[in-house]
Structures are given as structure tokens and as C-alpha cells.
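Visitor: one predicted model, sequence on top.
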Amino acid sequence: MILLALDLDNTLIHSYKKAEGSHICVEEGNIHGIWKKLSYMTPEAVEKLNGLSSGILPIPITTRSVEQFRRISIFGDEPPMAVTSNGGTLLINGVPDKAWRAESEQLINTAISELERGKNLLETDKNRSFEVRFVDDSFIFTKSDKPDETVSLLGSQLDAQTVDILTNGSKVYILPKGLNKGNALERLKKRLSPETTIAAGDSEFDIPMLLSADIALVPDNGLNAALSDIPAMVCENAETGKFAEFILDFAENYFQKYRKNP
Ligand SMILES: [Mg+2]
């Protein structure tokens, strides 16, 4: 079996802000009281995802909360497995797995005092533009008008051995060091014993996961520079939605070759 570990946002799916006319809506939700279409895939990517050989097991690994993940309607009703909350939760047929959560809690508890200190720092940060959340009891999240300033405030106060501080646009995250997508992929590999692991992602959050895979797939945004030790395949066609098609084509072609010559 080939495990295909998939980041979601800007990897398998893309925002309505970038969607084109023929793209298929895969996420709708109530945002501040307004029902909105939120994420899309190209029709080609939807077809390729639905047509993957059964020897390929696609597993989303996302920083989205369980609630945000549940808004997405791909993989039929539910994917058989999905990891949310940056590794905090494993959903099996939509149900959180208790043993996985217990392991996650050990990783989170190691960092709990730093997470609490970070939460307090953010509560009083003058640049903060959103409430401070402890997402799925896994990591701290907020937004900042000046994310660089907020990050340097956190960086000067928090122990870098215990927590990671990451940003993505205006979003600011404080994450337990051990709770990352790479650790999540390692835990999945232990459970599932795949012959090969292919991982695809587009951002700093994905680096540990890409480094844990046998083959990493990245868009043409410079992320491959952080992956020098492993074979990274770069999708040169940066057009919206095309990275998803590249990933699904790669996985299927790899599987077909592997089946002939394991
Ligand atoms: Mg992403």
C-alpha cells in the first residue's frame, strides 16, 4: 500500500478567492452568519482523486480544526482516515481515535506551561486582531495586524525547545514542538506499515511531514530548499489547482510502475 499524506489548503484544495468558473466547490460554511462557498478543486483534480487505485491510501493531514475539516466534502462522505489539528486528532470514519488522542495529549502536556504563557502574551498583544483560541486543545491560534512583531514578541519570551511559533499571513500559531505533521505521519506509518509514503504540502507547516516521507511533492514556491535530504518533486505549473492534479497524477503513476516492478 502507498500512503499518500496530503496537506489540504493550497495543496489539494484552494480558496474561493482563487477559484475559476469551472472549479468545483468542496467546502461551504457559515462564516460570521453568512453561508459561503469557501474552497474549490479543479474538475480534473476531483476526477483524479476519485479515480485513485485502491492500493493508494490518501490521508489528509491538516492544521485545520476538526470543525473546519468537517466542512470539506471530498473523498465521498468521509475519508476513512484524516489527521486534523496539526496532528492532535485522528479521525477514523469521522470519529476521533482515543489511543491517538492519548498520545497527542502526552506531546501537548509537555508544552502546556509554554502554551499558557504564550496565550497570556497574546491576550495583551496590542497587534492582536482576533480572539486567542486553544484549537481542539492542541495549539494556540490567533491573528495579528503585525504578525512579524507578534512573532518576535513570542520568540523573545517562549522556549524554542518546547514550542514552535509559525505564521501564515495574519495567522499566528504556537504549537507544541512534538505535535507536528511529521510526527503525525510517523505515527500513521507505525499503524499502517505502508510500503511507500508520498507526502505533499505547500508551507512551513508541512516541512516535518515532507521530511518524514519517502517522496515529497511541493509546488514551485521555494519550499524544496528546506528538503535537501530527500527526493523532492517540484510542480512547475503554479496555476491554481494544478498542484493537486500533479500530486494525484504522480501517486497514480508511481503506483502503476510499482505494481509492475515492486
Ligand atoms: Mg497548505
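Guide: Sure, I can see it. All of these numbers come straight from a predicted model, not from anything done at the bench.
Visitor: separation between Met41 and Thr162?
Guide: Separation of Met41 from Thr162 (C-beta to C-beta, to the nearest Å) stands at 37 Å. To be clear about C-beta, it is placed using only N, CA and C from the backbone, and glycine gets the same treatment.
Visitor: more neighbours: the two, which one.
Guide: Using other C-beta atoms under 10 Å, the more surrounded residue of Met41 and Thr162 is Met41, with 24 against 18.
Visitor: my guess is that one contacts Ile13, does it?
Guide: Yes. Counting by C-beta atoms under 8 Å, Ile13 is a contact partner of Met41 at 5.5 Å.
Visitor: give me the common contacts of the two.
Guide: Common neighbours of Met41 and Ile13, using C-beta atoms under 8 Å, 6 or more residues apart in numbering, are 26, 74, 244.
Visitor: and those as JSON lines, adding distance to the ion, pLDDT and secondary structure?
Guide: As requested, the shared contacts of Met41 and Ile13 are exported to JSON lines (distance: C-beta to the ion, whole Å; pLDDT from 0 to 100; DSSP: H, G, I helix; E, B strand; the rest coil):
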{"residue": "Val26", "distance to the ion": "15", "pLDDT": "96", "secondary structure": "strand"}
{"residue": "Ile74", "distance to the ion": "15", "pLDDT": "85", "secondary structure": "coil"}
{"residue": "Ala244", "distance to the ion": "11", "pLDDT": "97", "secondary structure": "helix"}
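Visitor: show me where the stretch 151-262 of the chain has strands.
Guide: 163-168, 171-176, 196-200, 215-219, 232-235 (DSSP state E, counting those that start in this stretch).
Visitor: Asn86 against Thr63, yeah?
Guide: Yes. Asn86 lies in contact with Thr63 (C-beta under 8 Å); the separation is 4.4 Å.
Visitor: now list whatever residues contact both of those two.
Guide: Going by C-beta under 8 Å, 6+ apart, residues that sit against Asn86 and also against Thr63 are 173, 181, 205.
Visitor: quick one, what contacts Val218?
Guide: Val218 neighbours (C-beta under 8 Å, 6+ apart): 200-202, 206, 210, 224, 227, 232-235.
Visitor: ok, the worst-scoring helix or strand of the chain on mean pLDDT: who's next to it in the sheet?
Guide: Counting by mean pLDDT, DSSP states H and E, the weakest-scoring helix or strand in the chain turns out to be strand 232-235, with a mean of 87. Partner strands and pairing direction for strand 232-235 (DSSP bridges) are strand 215-219 (parallel).
Visitor: what does this protein have sitting close to the ion?
Guide: Residues of the chain lying close to the ion by C-beta under 5 Å from the ion are 7, 9-11, 202-203.
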